[in-house]
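*Asks:* Generate coordinates for the sequence data below:
(chains A and B)
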Number of protein chains: 2
Amino acid sequence: MSPPENTIGFDADDTLWHNETIFERVHERYRDLLARYHDAATVDRTLLDTERRNLELYGYGVKGFTLSAIETAIQLTDGRIGADEIQRIIGLGREMLAHPVELLEGVRETLEALGARHRLIVITKGDLRDQERKLAKSGLAGRFHAVEIVSEKNEQSYAAILRRHGIAPDSFFMVGNSLKSDILPVLALGGAGAHVPYPLTWELERIDGLPRAEGRFFPLEHIRAVPAAIEAWRAARQRA
Amino acid sequence: MSPPENTIGFDADDTLWHNETIFERVHERYRDLLARYHDAATVDRTLLDTERRNLELYGYGVKGFTLSAIETAIQLTDGRIGADEIQRIIGLGREMLAHPVELLEGVRETLEALGARHRLIVITKGDLRDQERKLAKSGLAGRFHAVEIVSEKNEQSYAAILRRHGIAPDSFFMVGNSLKSDILPVLALGGAGAHVPYPLTWELERIDGLPRAEGRFFPLEHIRAVPAAIEAWRAARQRA
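*Replies:* Sure thing, here's the model as predicted:
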């Protein structure tokens, strides 16, 4: 086999496996916990405000979420929340960390098809140990040439990854469910990207509008469409 | 300048900058917070038990410590702890994350001396964003060829780092304050190491006895002694 000509990067949470669904179930139980103090909309809004305020300090991931959820519960109850309820919030966080990894439909076959021709890497953000654990549980670790866990997905962090692996930006194609974290920074560097939305998007990942990058941006409905998008991208590059 | 022949790895917390001292001050305030419920020894022992039990799930770092400290406080007070006190524990964690970085004495000069001849890298564990932030605050980031933040420091993770950077184990020299995390796994791989103890060692990093590895292990009292140890190691290799 000739050496792979392109590198395909995959986001992990909500691209390879379910994540936001698990968070959403936890949010529901969190709302229930605080239901005798506040309505669901107030709980959601206040928690999101806390998460946004703490993001710079805590970064992404379950542990920061749990700390923000405890802080929000204390705030929303004017300190009347009981220690047993706080213990239950800690328990919600632990459940998320220990949760089984459920692959999205079509992931395994798509990686198998792409792995024969391209170098595959994972680029994800969140808690270091949690992301490593999920990759191990997924059974997909052997499919990837490298796993990059970063504290933020932006032009700078993608550029560092490409440099470290000797990847030319125009030979890099990223697949992910977040336009903000997975697609926009890669397009800005001259790479390509396929956006495969997940049914749920965390508020802090949302952006308005679709990017414009002729021949380099592919809004898809399913990960199974990624190989065809990569072929279209390669064909466009050869014509150029 | 000829290319550097050796790579020198540096641990970060308590090797380049103070860390355990900051944790210790937080521990004192944590004990004070729980003093009306339990004596200091009980608080310390129970917190350590919680941290040990949670280590696999949470990994290292301030966020996991904070969650363990909240859990321990609830346990030690049979749930009588107030929300305001839990908020203060969250505050202790936040203070640690926002704490200024204080370099250890001699670090800057030692890195400057070594950087002229060797490739320097940082290998550290803990929360991803927290470690990156500390490196940025330290003003030392430009001194290092690479920064590796890992979830655990063991033979496997060191081997992966050496492989990724194309470093032969016998050309690798690690400097750190933890025999368990910084020295033993590197010696086992055939590398060399200098142990520079910090006045305080976290209980979960302690081991008994000193390793034996003729010409490859250097117990030092100060980081300023590292360049001479590296020269001794190089001389021993040339004789071999």
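*Asks:* give me the beta-bridge partners of A:Phe217?
*Replies:* Beta-bridge pairing of A:Phe217 under DSSP bridges involves A:Gly193.
*Asks:* ok, now how distant is A:Ala116 from B:Leu128?
*Replies:* 32 Å (CB to CB, to the nearest Å). No exception for glycine: its C-beta is placed from N, CA and C like everyone else's.
*Asks:* Distance of A:Val122 relative to chain B?
*Replies:* Note on A:Val122: its distance to chain B, by CB to the nearest CB, to the nearest Å, is 14 Å.
*Asks:* In contact with A:Thr15, which residues?
*Replies:* A:104, A:175-177, A:182, A:196, A:198, A:223 (CB atoms under 8 Å, 6 or more residues apart in numbering or on different chains).
*Asks:* and stretch A:232-240, which residues are buried?
*Replies:* A:233-234 (16 or more other CB atoms under 10 Å in any protein chain shown).
*Asks:* returning to what we had before: comparing A:Ala116 and B:Leu128, which shows the higher neighbour count?
*Replies:* B:Leu128 (26 against 8; other CB atoms under 10 Å in any protein chain shown).
*Asks:* what about the closest residue to the more buried one other than its chain neighbours, how many neighbours?
*Replies:* Counting by CB to CB, 6 or more residues apart in numbering or on different chains, A:Ser151 is the residue found nearest to B:Leu128 once chain neighbours are left out, at 4.5 Å. Neighbourhood size, A:Ser151 [other CB under 10 Å]: 20.
*Asks:* ok, now A:Val175?
*Replies:* 28.
*Asks:* secondary structure class for it?
*Replies:* Following DSSP: H, G, I helix; E, B strand; the rest coil, A:Val175 is assigned to strand.
*Asks:* got it, and A:Pro199?
*Replies:* From three-state DSSP, the assignment for A:Pro199 is coil.
*Asks:* Roughly how far does it sit from chain B?
*Replies:* From A:Pro199 to chain B the distance is 28 Å (CB to the nearest CB).
*Asks:* give the contact list for that residue.
*Replies:* Going by CB under 8 Å, 6+ apart, the list of residues near A:Pro199 reads A:20-21.
*Asks:* now it: how far from A:Asp130?
*Replies:* A:Pro199 is 22 Å from A:Asp130, by CB to CB.
*Asks:* near chain B, which residues of chain A show up?
*Replies:* A:57-59, A:63-64, A:66-67, A:70-71, A:74, A:77, A:79-84, A:86-87, A:90, A:93-94, A:97-98, A:127-130, A:132, A:146, A:149-152, A:164 (CB under 8 Å from any CB of the partner chain).
*Asks:* 7 Å instead, please
*Replies:* A:57-59, A:63-64, A:66-67, A:70-71, A:74, A:79, A:81-84, A:86-87, A:90, A:94, A:97-98, A:127-129, A:132, A:149, A:151 (CB under 7 Å from any CB of the partner chain).
*Asks:* Show me what counts as buried in stretch A:133-142.
*Replies:* Neighbour counts over stretch A:133-142 (16+ other CB under 10 Å) mark A:133-135, A:137-138, A:140 as buried.
*Asks:* and these, which of them are in strands?
*Replies:* Using DSSP state E, no member of these falls within strands.
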